[in-house]
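Visitor: Please work out how this folds:
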Amino acid sequence: MAYVAFSLVIQLIIVLMLFAVGYGNTIHSEEIVDMNNTKSTTGYNDEIFYISNNTGHSEEPQIIKNGSNIYMLWIDDSSASRNIYFKKSSDNGCTFGPTIDLGVGKGGSLDPKMVVSGNYVYVIWEYTPENNGMIYWTRSADNGASFEKVKNLGNNTGFNGFPQLAASGSNVFATWHDATDGIVFLRSTDNGASFEKVKNLGNNTGFNGFPQVAAAANNVYVAWTDNAQEKYGQIFFTRSTDNGESFGEPFLVYKGQESYANTTALSPKLVAGSGDNNVYLLWQSGRVVQHARVSALISDVLFTRSTDNGESFGDIVNLSNYSGWAVDPQIAVSEEGGVHVVWTNNSIGNEEIILRNDVQVKSCISSNFTGKPINSDGIRNNQSLSEKSINVAIVEPTFTQAAYDKSFYMFYEIYDEEIIGKDTINFTNYTSLLSSRVPDNTGNWSGTYQIVNHLKWLIPKSSIDVLGDEDVHNRSSILSPDGENLYDVIMLQHQEYVSQQEYNNLKKFVSNGGILFLLTGNVFYGEVEYDEKNNTIKFVKGHNFAFNGQSAWRSVKERWMDETSEWTGGNYKCCFAWEFVFHNDPFGITHNEEHHVTNPKAKILLDYNATAAKSDEEFIIATYALEYKKGTVLTLGIWTVNKLFENERFLRFFDSLLFQYALIDS
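Guide: Sure thing, here's the model as predicted:
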């Protein structure tokens, strides 16, 4: 029998519901447990000790119990890359063997999944930022004592892969989301030594996601969500009755209420019963409701089961009883047929991996159980992430904020129509609108606080400064008197308007070997002249106009278009008013202003598969990197201001870029 990892999540409130499924669809609630108030239980050891004991960040822990063996898996970034680590106990968790590093070095790993079958331990995970997201795999053929070399099972996940594993006998089944093909499936018939050709199960263009796979006897079951074909979320299911050789036509198990706009189906969980014909399906369904300025996700945990090996499913039951904020459901089924479901109303970040042993004390006495932290001996011994020290500058777009203070755009509005087809006409009226005062306080205009707080958490020993455009205009803020870089990394936000001096200084910074992040779309579009004495800017060129201080006339849209493409790899993708669709959307992207790749030398790291409703033009909106002289420019390509730096999955991707390009050799 294969055992699948069940995540242990450290949360504010854990709601545990144990129920047994009898005849029909009756569900009996037995117990509610608040893990923050757990009390000592007679005959059990309630001591807590650490599995990862380091100064980095450990997260996404998973655990499997098989006989007296306990297998643990987690992610840790202590080595200045987010890698996968494994640890095993052979005595019910009283003692643990060495920590084994399963990772591949630079970048970031995400969503690891583990399955144990006989003496085999199988692990799969997603990796970024290479090849538009990759699926990595490894196995142990000696019960977790050692692992084979990591293999790449597939590319093009769009950082939206969510890989899953199941095993039955010598068969191993893997599924994940492909950014182009949707849900794909891969089978091994020799305990993971080799894999067959990938099958496309979803027959979709990438909108479906969150796949799940389960196996029992000769049956293989796969389920996934689809939240784009309709205005309400859907759950699809398909099965194979010949060990994954072929699959039936996918069918709809659930769709959200049509009367509720933007209803989604999230976090499906699929489990096959042991020795019976039952298949259990669990998911979270919700919708965002808006009242005045407050928006909130109203969600519930839904459950259904099949008693005929997935040929059909019974009624859908709301387990959370319309509580309104039930998220992250998990399900486990015992060999006796008991069904256990857990979910939460809220969750927080996890700093260390904490194991709670509910093993009877008498079984640990002979092993000298101490409850002390376990040495994470397998964590790479290079400099810890928490000890890494780099100099980072985040530049607030103070010139752009000044330009947005009505004046420039009032001028554009007045003359936009008049310049069409007129190359020689000059405008002298209203030119006072082309000057504006630089604000003294931007008030977190581009989400600077979120970025700073995250970097302080990720690299606490580093120096993180917040500058304004006027500081970068002044060469001495980022370059020494002899022209050397004062920072390792500079991050720009919505620098739509910069001065020629600022532009040159940033280009020099990259030429010297600096890492420049362009955090959002539409940078270097217009040129302004900065008056340091009066702290004002004056429009110079871009946005279809040029201005010499007295008169304005028709000019270029983007001030340094060719030059910007040459050293950053891309340009602003017009237009704001267009309807963009991101067919690969791992972060919940909101169209605003984006960058597209215009330099063939740029390396695409994550392609968002964007199209525009008003254009047949082919273009690539992506996160991409371009090496320029001694340095590198990393362009996120999408609109990240405020919203995305509160998205956990986006932050993991952002971290992987830092690991890959800024931290690994620091």
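
Visitor: so what's Ile135 up against?
Guide: By C-beta atoms under 8 Å, 6 or more residues apart in numbering, the contact list for Ile135 reads 124-127, 152-155, 157, 161, 163, 174, 176. No exception for glycine: its C-beta is placed from N, CA and C like everyone else's.

Visitor: if you set the cut-off to 7 Å instead, what comes out?
Guide: By C-beta atoms under 7 Å, 6 or more residues apart in numbering, the contact list for Ile135 reads 124, 126, 153-154, 157, 161, 163, 176.

Visitor: Filter those down to just the ones in strands.
Guide: Among those, the members found in strands (DSSP state E) are 124, 126, 153-154, 176.

Visitor: quick check, nearest of these to Ala215?
Guide: For those, the residue nearest Ala215 by C-beta to C-beta is Ile124; the value is 14.4 Å.

Visitor: okay, now the spatially closest residue to the closest one that is not a sequence neighbour: neighbour count?
Guide: Take Ile124 and drop its neighbours on the chain: the residue closest to it by C-beta to C-beta, 6 or more residues apart in numbering is Pro163, 4.6 Å away. Pro163: 26 surrounding residues under other C-beta atoms under 10 Å.

Visitor: isn't Pro163 right next to Ala174, touching?
Guide: Yes: with contact defined as C-beta atoms under 7 Å, Pro163 reaches Ala174; the gap is 6.4 Å.

Visitor: who touches both of those two?
Guide: Jointly contacting Pro163 and Ala174 under the rule C-beta under 7 Å, 6+ apart are Ile124.

Visitor: the strands in the stretch 201-350 of the chain, which residues?
Guide: Per DSSP state E, counting those that start in this stretch, the stretch 201-350 of the chain carries strands over the ranges 208-216, 219-226, 234-240, 251-255, 264-272, 279-291, 294-306, 317-318, 327-333, 338-346.

Visitor: Please tabulate the ones you listed in JSON lines, including the columns mean neighbour count, distance to Phe96 and mean pLDDT.
Guide: Shown next, in JSON lines, are those (neighbours: other C-beta atoms under 10 Å; distance: least, C-beta to C-beta, whole Å; pLDDT from 0 to 100):
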{"stretch": "strand 208-216", "mean neighbour count": "25", "distance to Phe96": "29", "mean pLDDT": "92"}
{"stretch": "strand 219-226", "mean neighbour count": "26", "distance to Phe96": "33", "mean pLDDT": "94"}
{"stretch": "strand 234-240", "mean neighbour count": "22", "distance to Phe96": "37", "mean pLDDT": "94"}
{"stretch": "strand 251-255", "mean neighbour count": "16", "distance to Phe96": "40", "mean pLDDT": "90"}
{"stretch": "strand 264-272", "mean neighbour count": "23", "distance to Phe96": "27", "mean pLDDT": "89"}
{"stretch": "strand 279-291", "mean neighbour count": "20", "distance to Phe96": "31", "mean pLDDT": "79"}
{"stretch": "strand 294-306", "mean neighbour count": "19", "distance to Phe96": "33", "mean pLDDT": "79"}
{"stretch": "strand 317-318", "mean neighbour count": "14", "distance to Phe96": "39", "mean pLDDT": "88"}
{"stretch": "strand 327-333", "mean neighbour count": "20", "distance to Phe96": "22", "mean pLDDT": "83"}
{"stretch": "strand 338-346", "mean neighbour count": "19", "distance to Phe96": "24", "mean pLDDT": "75"}
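
Visitor: Could you give the backbone dihedrals for the residue nearest to Gly468 when sequence neighbours are not counted?
Guide: Distance criterion C-beta to C-beta, 6+ apart; nearest residue to Gly468, sequence neighbours excluded, is Thr398 at 4.0 Å. Main-chain dihedrals, Thr398, degrees, to the nearest 10: phi -70, psi -30.

Visitor: neighbours of Thr398, just the number please.
Guide: Neighbours around Thr398, by other C-beta under 10 Å: 27.

Visitor: Please apply the same query to Ile425.
Guide: Neighbour count for Ile425, taken as other C-beta under 10 Å: 13.

Visitor: show me the residues around it that make contact.
Guide: Trp553.

Visitor: Then Ser267?
Guide: Contacts of Ser267 (C-beta under 7 Å, 6+ apart): 210, 283-284, 328-329.

Visitor: of the residues you listed, closest to Lys533?
Guide: The shortest approach to Lys533 among the contacts of Ser267 belongs to Asp328, at 55.8 Å (C-beta to C-beta).

Visitor: ok, and the closest non-adjacent residue to that closest one?
Guide: Closest to Asp328 by C-beta to C-beta, 6+ apart is Thr344, at 5.4 Å.

Visitor: same deal with Glu311?
Guide: Using C-beta to C-beta, 6+ apart, the closest residue to Glu311 is Arg239 (7.7 Å).

Visitor: How about the contacts made by the one you found?
Guide: By C-beta under 7 Å, 6+ apart, the residues touching Arg239 are 219-221, 247-248, 310.

Visitor: Format those as JSON lines; extra columns: distance to Tyr525.
Guide: Listed next are the contacts of Arg239 as JSON lines, based on distance: C-beta to C-beta, whole Å:
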{"residue": "Asn219", "distance to Tyr525": "57"}
{"residue": "Val220", "distance to Tyr525": "52"}
{"residue": "Tyr221", "distance to Tyr525": "51"}
{"residue": "Phe247", "distance to Tyr525": "49"}
{"residue": "Gly248", "distance to Tyr525": "52"}
{"residue": "Gly310", "distance to Tyr525": "54"}
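
Visitor: in the sheet, who's paired with the residue nearest to Glu311?
Guide: Tyr221 (DSSP bridges).

Visitor: what does Val597 give?
Guide: With DSSP bridges as the rule, Val597 is bridged to Gly570.

Visitor: Could you check the pLDDT of it?
Guide: We have a pLDDT of 97 for Val597.

Visitor: Neighbours of it, how many?
Guide: 24.

Visitor: Which of the ones in strands among the contacts of Ile135 sits closest to Pro600?
Guide: Gly154 (24.9 Å).
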